[in-house]
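**Q** Dropping a prediction and its sequence here:
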Amino acid sequence: MEYVWISFAAAAAVGIPALGTAWAQSRIGPAMAAALAEKPELSATAVLMIAIPETMVVLGFVIGIVIMLRPGG
Amino acid sequence: MILRMVKVRLLGSLTRLPAAIRALQDLGTIQVVASEVDSDLVAPVRRTPAQEREVRMATSALADIEHVLPHLPAPVISDDVGPAGRQEIAAWARQARRFRRQADQLTGHIQELEDELALLAKYQDLLKAFQSLFDRAEIPADTVSFCVTFAEGGEQALRELRSEVSKLSGEPLDLRVRGLPTGETAGLLVVPVASAQPIEAMMSAARVEEVRVPPSYRGESVAQALPDMRHRLELIPGELSRLRSELEGLVSAEGGELHLARVALNDRLVAEQAMQLPRATPHAFVVEGWLPDRDRDSLQRHVSERFGDDIVVEFLETEEWEDTSAPVVLSNPGLFRPFETIVRFLPLPRYGSIDPTPFVAFFFPVFFGLILGDAGYGIVLVALSAGLWRRAEPESTLRSVTHIAAVCGLFAIIFGVLFGEVFGDLGTRTLGLKPLWFHRDEALLPFLGLAVAIGFVHVVLGLVLGAVSAFHHQPRHALGRGLSALVVVLILLAILAAAEVLPARFFTPIVIVILVVFPVLVFAEGIIAPVEILAALSNIFSYARVMALGTASVMMAIVANRMAGEMGSAVVGVLFALLFHLVNFVLGVFSPTIHSLRLHYVEFFGKFYSPGGARYQPLRHWQPGAGGAQT
């Protein structure tokens, strides 16, 4: 049973930040697409803006790994 | 690196100014700037009325040429297009105006005919159908014919029409029908003149659609318009072909000359623009500009060969990285130069700051290789890049991108060998390959440690570069950056000592040093310093994405390989595996690129990069596509 809860915790560590990232990117993506249509020179900023929320899911993934690798995980 | 620039001044007789500007244009290394000579004796150079006329004529001729440019063939221009003289400009202006008028007439006519042909083509099926209906039997003299169409499945409407019309006219109905390729039915209804009006009203009430002729045949019935429309359909292709060959003849006769004129006129206007920047006395001129320091000798030699002692070259100052108005020239070895493309996504670095290209050229492929980390995918990427590299124009962005992709592929191969990965675990399972370092899918914590360690090196390097960059102009800020780097290193050492990776006795001395350094840091950077230290630490942990993405990539590849054995049918399994590998390859190229860019732009550049450099735009000859006018 403990293993199930550990797995669930690891999944939540990745899944919840993934939802947050998805929500943030769904707002940033259209805004940057509109900005690029007017100012193509903002392409580097667009890359940054899109990639910034991914930090949440990346760190969530790392936490998930740590949870799975802990003793008893 | 950013090239050191030198401000240069040329002095000579005013009569030699046009020749001097042409000489600088030939040399192509000086960015002419507005002269800063501050004296009542000098004034901007004014054009004579004749020169003004020439410029207006050249501008108008260029507008005409640009207007007809889509009709002209690809330019074949020799390098030695001379400067446009007064007579040539006048001749080209006349030629361009005449060409534009004739080309506009021809293209306008061609467009009209093409439109008409397209419209008639829409009616072609209807024309054929109604022609055959008219040909079936002669139309009696005292009758009116209605051409109608019924929608697909309109048999009911057709039956109702037959019965209603027969009742109204009291005679058997002459209704000829034929199917159309669209599924509709074309119907020719021939009724006595006396019954025409009520039948028309009835059809209108029943919403039976009567065929309308094109607007150009308005006023004619379908029966009258049909022969004319068929006749036009036969005539138009011949007419179009004649007009097109006339246009081709015009273009082949004059197109080459107009391309030549375009280059020469643009070249002349570039020189004219540059001519507005110098200052002059009634007898002498002063031209000032920025020149890369390495080109001093070639300028001296060039001017001396062309003008002897008539024009004097004076080097005002070698810019010691302080004048932010100096234009920025990035100059890197051939292997690094394509990586300037990544730097150019951002505004140019300020003059006197650090060009990050060499660091990007090393770290970007390393991050990419660490994330993709697969020899098989790396080989595919190198092969694709080599293919595209051969097709790309020299000096083009595509050529730079393929170069970067090839280097990244090479690093993916190197890390693939270190991690023992060829298309995931395929190499291990089929060839018994073993990793030279560690398996990424098993050694997750060592991989995480490696990613964070590389992040630590990258962020500390950024802080050190920030200190170096600020050293000349903002020594206090440089001290702050340097101490930030030191504190970050000390914090890491303290963590290692606390975790007993380093001897635990180091912990207390390190913490004491941090406590001593911290007030100095706050003095140098202000109250924001602690926040910046925290930001630097979070930046370091952001490099964990290298491990996260790398692990995801290898897991996807392993799943693709497992699919081959899980599908029941070997063929279906292999196909699925190939498809999955293809998807993983695309993701494996896209994702590391985006994240490596982000790690550079946010985590690394944020520590030292100062944008705001002015672009170097030397006065040179105009070239199609590249331009050449300094603005």
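**A** Received it, and whenever you're ready, just let me know what you need.
**Q** What residue, apart from its backbone neighbours, is nearest B:Val251 spatially?
**A** Closest residue to B:Val251 apart from its sequence neighbours, by C-beta to C-beta, 6 or more residues apart in numbering or on different chains: B:His71 at 5.7 Å. C-beta coordinates here come from the backbone N, C-alpha and C atoms, glycine included.
**Q** who in chain B is up against chain A?
**A** B:345-346, B:444-445, B:448, B:541-542, B:544-545, B:547-549, B:551-552, B:594-595, B:597-598, B:601-602 (C-beta under 8 Å from any C-beta of the partner chain).
**Q** so B:Glu200 makes contact with B:Phe146?
**A** Yes - look at B:Glu200 against B:Phe146 with C-beta atoms under 8 Å: they come within range, at 7.1 Å.
**Q** Quick check on those two: which one has the bigger neighbour count.
**A** B:Phe146 (20 against 16; other C-beta atoms under 10 Å in any protein chain shown).
**Q** Give me the local confidence score for residue 5.
**A** Answering for chain A, as no chain was given. Listed pLDDT for A:Trp5 reads 89.
**Q** Actually, chain B is the one I wanted.
**A** pLDDT, B:Met5: 88.
**Q** Report the separation between it and chain A.
**A** Distance, B:Met5 to chain A, by C-beta to the nearest C-beta, to the nearest Å: 24 Å.
**Q** can you give me phi and psi for that residue?
**A** phi -110, psi 150 (degrees, to the nearest 10).
**Q** Please give the number of neighbouring residues around it.
**A** By other C-beta under 10 Å, the residues close to B:Met5 number 25.
**Q** Distance-wise, check it relative to B:Val328.
**A** Note on B:Met5: its distance to B:Val328, by C-beta to C-beta, to the nearest Å, is 8 Å.
**Q** same deal with B:Ala137?
**A** Here B:Ala137 is placed at a distance of 86 Å from B:Val328 (C-beta to C-beta).
**Q** So which of these two has more stuff around it?
**A** Neighbours per residue, other C-beta under 10 Å: of B:Ala137 and B:Val328, the larger number sits with B:Val328, 20 against 11.
**Q** was I right about that one contacting B:Gln617?
**A** No - at 10.8 Å, B:Val328 does not count as touching B:Gln617 under the criterion of C-beta under 8 Å.
**Q** residues in chain A within reach of chain B, list them.
**A** Contact residues (C-beta under 8 Å from any C-beta) of chain A with chain B: A:43-44, A:47-48, A:50-52, A:54-55, A:58-59, A:61-62, A:65, A:69.
**Q** And whatever residue of the stretch 301-450 of chain B ends up closest to chain A, its phi and psi?
**A** Relative to chain A, the nearest point of the stretch 301-450 of chain B is B:Phe345 (3.6 Å; C-beta to the nearest C-beta). The phi/psi pair for B:Phe345 (degrees, to the nearest 10) reads phi -60, psi -30.
**Q** what sits against it?
**A** Under the criterion of C-beta atoms under 8 Å, 6 or more residues apart in numbering or on different chains, the neighbours of B:Phe345 are A:Ser43, A:Ala44, A:Val47, B:Leu597, B:Tyr601.
**Q** ok, now with 6 Å
**A** A:Ala44 (C-beta atoms under 6 Å, 6 or more residues apart in numbering or on different chains).
**Q** roughly how far apart are the residue sitting nearest the centre point of chain A and A:Gln25?
**A** Central residue of chain A (C-alpha atoms, centre = their mean): A:Val57, 2.7 Å from the mean position. Distance of A:Val57 to A:Gln25, given as C-beta to C-beta: 10 Å.
**Q** got the contact list for the helix or strand of chain A with the lowest mean pLDDT?
**A** Taking mean pLDDT, DSSP states H and E as the measure, helix A:43-51 is the helix or strand of chain A with the lowest mean score, a mean of 80. For helix A:43-51, contacts defined as C-beta under 6 Å, 6+ apart pick out A:Ile28, A:Met32, A:Leu36, B:Phe345, B:Leu346, B:Ile594, B:Leu597, B:Arg598, B:Tyr601.
**Q** how about low-confidence regions in the stretch 501-631 of chain B?
**A** Applying pLDDT under 70 to the stretch 501-631 of chain B picks out residues B:625-631.
**Q** Poorly predicted segments of chain A, please.
**A** Using pLDDT under 70, chain A drops low at A:71-73.
**Q** what separates the helix ranked longest in it from the chain centre, distance-wise?
**A** Identified as the longest helix of chain A according to DSSP state H is helix A:2-38. On the basis of C-alpha atoms, centre = their mean, to the nearest Å, helix A:2-38 sits 4 Å off its chain's mean C-alpha point.
**Q** B:Ser39 should be in a strand, yeah?
**A** No - using DSSP: H, G, I helix; E, B strand; the rest coil, the secondary structure at B:Ser39 is coil, not a strand.
**Q** Dihedrals phi and psi, it?
**A** Main-chain dihedrals, B:Ser39, degrees, to the nearest 10: phi -160, psi 150.
**Q** Which neighbouring elements make contact with the lowest-mean-pLDDT helix or strand in chain B?
**A** Of the helices and strands making up chain B, the lowest-confidence element is helix B:155-169, at a mean of 73, by mean pLDDT, DSSP H and E. When contacts are defined as 3 or more C-beta pairs under 6 Å, 6 or more residues apart in numbering or on different chains; DSSP states H and E, helix B:155-169 sits against helix B:193-205.
**Q** show me the contacts for B:Leu496.
**A** Going by C-beta under 6 Å, 6+ apart, the list of residues near B:Leu496 reads B:Leu502.
**Q** tell me which element it is part of?
**A** helix B:475-498 (DSSP states H and E).
**Q** Check B:Val8 too.
**A** Going by DSSP H and E, B:Val8 is in strand B:5-13.
**Q** Which parts of that strand count as buried, going by neighbours?
**A** Within strand B:5-13, the residues that count as buried by 16 or more other C-beta atoms under 10 Å in any protein chain shown are B:Met5, B:Val6, B:Lys7, B:Val8, B:Arg9, B:Leu10, B:Leu11, B:Gly12.
**Q** cool, stretch A:10-30 as well?
**A** Those would be A:Ala10, A:Ala13, A:Val14, A:Pro17, A:Thr21, A:Ala24, A:Gln25, A:Ile28, for stretch A:10-30 by 16+ other C-beta under 10 Å.
**Q** Can you mark which positions in stretch B:359-372 are buried?
**A** Buried positions in stretch B:359-372, judged by neighbour count with 16+ other C-beta under 10 Å: B:359-361, B:363-372.
**Q** closest to B:Ala453 among those?
**A** Nearest to B:Ala453, judged by C-beta to C-beta, of those is B:Leu370 at 11.3 Å.
**Q** What sits closest to the closest one if chain neighbours are left out?
**A** Among residues not flanking B:Leu370 along the chain, B:Val546 sits closest, at 5.2 Å (C-beta to C-beta, 6+ apart).
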